[in-house]
Structures are given as structure tokens and as C-alpha cells.
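Asks: got a sequence here, can you model it:
(one chain, ligands or ions: 1)
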Amino acid sequence: MKQRSTVARAAAICLGLCLPQALVAEAVICPGGGFSVYGAGHRADAVCQAALEATEQLASCNLYVPTPVAIEVTRSMPGNCYGLYHCDEDLIQLLPLEVYETHLSGAPDSPFGHLEPEVFFNSILRHELAHAALGTLPCPYEGCPATQEFVAYTMQIRFLSDADRAPLDQRAAEVERPITRDGISAVVLMLSPEAFIANAHAYLSQQEDPCDLIGAIARGDVIFDLPFR
Ligand SMILES: [Zn+2]
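Replies: All right, here's what the predicted structure looks like:
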């Protein structure tokens, strides 16, 4: 146990040491001190603002982001990801705005393809902050990807403006009802992320008190994942 906590502390220290020097020099500590932003250049204040706003939005839906969290804007993201939350390091990585802009203009029919790049950036930040809030999610299996992504995607969508959410509402309205938990499985997430997103948004929307469900998930009372057989 003692050994483990030492390892955790070492990893946390490693975060600062491992960041390239140029990024460390650019670090901006956000008002309140809960977030630090790396690599965002002139957009650092805007990223701080987005992080603080998203934290309030998530708290209004029973999700509490533990701070401190470092937010790094970088072109070197592992895999084909648009955003990542590194739970061991309390680090969120996002791509620069212009990369999202290229993605969005190349995929206008994708679920978020209609968003302005900055709105998309902020929505991914909210998605990753939702993962951060679920960091200690009790999961009886090796991982609970369906439950994690259900919360992250629905929070990404829920706090868009009405106009920005409208196309996603439309996709959700076309999902066959009632939506069951089968539509929010790790298999659907893997085979058809777009269907998973529509099902998740529709499923949360059909709840009498959506944030009540989110709170129950955060407490570990509800999970969508099943053991692999
Ligand atoms: Zn995610």
C-alpha cells in the first residue's frame, strides 16, 4: 500500500518533469488554480474559461471534477484520438483548433461535423473532464468503457447550445424506441460509435431526471457494461 502511494506520487511528479521545456514555459495557471494549460498559446485564457465553465456544467449534473488537472494542447496525441484523459497523470490532451477545423470540414456529416471548431474543442474538453470526474468509477470488471463513454458523450452533447445540439437531437429522435441498455454496450461503441452516441443521447433524454441517472452512475449504482464471456 505504501509502495503504491509512492509510485502514484512519483507519477504525479513525473508529469511536470516529462513535459517538454517549451510547454512548461508556456504554462498558464487558470483563475482558482484548479487547471493549468500548456501549449495553447494565445488561446490559454479561452481554454481556462472553457474548463471552468465545463466544470460548473458537470457539477450541475452531479459530476465533480477533481483538481488539479493539467490541460495540454498538442499535435502529438497517441492513436487516432481527438482528446485523451490520462487518469494516472491528471492530464487532458487536446489537439490545436486548426486540426479540429480540418477534421470538421472533412466530415460535415459526422455527429459533431456541424460544430464550429472552438465549440467542438470545448465539447471535447467537457467530454474529457467528465472522464476525469468518473476517474474513481467503481467498475466490477477490467474496465467499464460503455459506462464511461455514455457519460462523457452525453455530457459533451447536453451542454451544447440549443442550436448546436439540434442536429444531435434530430439523430437521437430517429433512434428506434424504447432504447435499451443493449444499445449502449461496449460492442456498439466499438462497431458503430455514431450509433452509440445517438443511443446514449436518446437514452439520457428519455430519463425523467437525466442528472439523477448521471449521479447514480458516478456512485457506481448503475453501469452499462457487462462481463465479457
Ligand atoms: Zn471518452
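Asks: check the gap between the residue lying closest to C48 once chain neighbours are set aside and E128 for me.
Replies: Spatial nearest neighbour of C48, excluding adjacent residues (Cβ to Cβ, 6 or more residues apart in numbering): C30 at 3.5 Å. Glycine gets a C-beta too; all of them are placed from N, C-alpha and C. Look at C30 and E128: by Cβ to Cβ, to the nearest Å, they are 15 Å apart.
Asks: also D225?
Replies: From D225 to E128 the distance is 20 Å (Cβ to Cβ).
Asks: related to what we said a few turns ago, quick check on C30 and E128: which one has the bigger neighbour count.
Replies: Between C30 and E128, counted using other Cβ atoms under 10 Å, the more crowded position is E128 (26 against 21).
Asks: isn't that one right next to Y153, touching?
Replies: No: at 11.5 Å, E128 and Y153 do not qualify as touching, with contact defined as Cβ atoms under 8 Å.
Asks: tell me which residue of this protein lies closest to the ion.
Replies: Nearest residue of the chain to the ion (Cβ to the ion) works out as A152 at 4.1 Å.
Asks: tell me if I'm right that that residue and A130 touch.
Replies: Yes: here A152 reaches A130: they are 4.4 Å apart, a contact under Cβ under 8 Å.
Asks: name the residue in the two with the higher neighbour count.
Replies: A side-by-side neighbour count of A152 and A130, using other Cβ under 10 Å, places A130 first with 28 against 24.
Asks: need phi/psi at that one.
Replies: Here is the backbone geometry of A130 (degrees, to the nearest 10): phi -60, psi -40.
Asks: which SSE is the residue nearest the centre of the chain in?
Replies: By Cα atoms, centre = their mean, the chain has its centre lying nearest to H127, at 1.9 Å. Using DSSP states H and E, H127 falls within helix 117-133.
Asks: next one: M155
Replies: Assigned by DSSP H and E, M155 belongs to helix 145-158.
Asks: what about that helix, average pLDDT?
Replies: Across helix 145-158, pLDDT averages out at 97.
Asks: please apply the same query to stretch 82-101.
Replies: Stretch 82-101 comes out at a mean pLDDT of 94.
Asks: quick one: is it near the ion?
Replies: No: on the criterion Cβ under 5 Å from the ion, stretch 82-101 is out of touch with the ion, staying 7.4 Å away.
Asks: contacts made by that stretch with the rest, please.
Replies: For stretch 82-101, contacts defined as Cβ atoms under 8 Å, 6 or more residues apart in numbering pick out 8, 11-12, 14-15, 43, 66, 68-75, 77-78, 81, 103, 117-118, 120-121, 124-125, 127-129, 131-132, 135.
Asks: and it, C-alpha only, in PDB?
Replies: Output in PDB follows, covering the C-alpha atoms of stretch 82-101 (Å, rounded to 0.1, in the frame of the first residue of the first chain):
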ATOM      1  CA  TYR A  82      -9.400  13.800 -30.600                       C
ATOM      2  CA  GLY A  83      -8.900  14.100 -26.900                       C
ATOM      3  CA  LEU A  84      -7.500  12.000 -24.100                       C
ATOM      4  CA  TYR A  85      -7.700  11.900 -20.300                       C
ATOM      5  CA  HIS A  86      -4.600  10.300 -18.700                       C
ATOM      6  CA  CYS A  87      -6.000   9.200 -15.400                       C
ATOM      7  CA  ASP A  88      -2.600   8.400 -13.900                       C
ATOM      8  CA  GLU A  89      -1.300  11.800 -14.500                       C
ATOM      9  CA  ASP A  90      -4.500  14.000 -14.200                       C
ATOM     10  CA  LEU A  91      -3.700  15.200 -17.700                       C
ATOM     11  CA  ILE A  92      -6.100  16.000 -20.500                       C
ATOM     12  CA  GLN A  93      -4.700  16.300 -24.000                       C
ATOM     13  CA  LEU A  94      -6.400  18.100 -26.900                       C
ATOM     14  CA  LEU A  95      -5.500  18.900 -30.400                       C
ATOM     15  CA  PRO A  96      -5.000  22.500 -31.700                       C
ATOM     16  CA  LEU A  97      -8.100  24.300 -33.000                       C
ATOM     17  CA  GLU A  98      -6.900  24.100 -36.600                       C
ATOM     18  CA  VAL A  99      -6.600  20.300 -36.500                       C
ATOM     19  CA  TYR A 100     -10.300  20.100 -35.400                       C
ATOM     20  CA  GLU A 101     -11.200  22.600 -38.100                       C
END
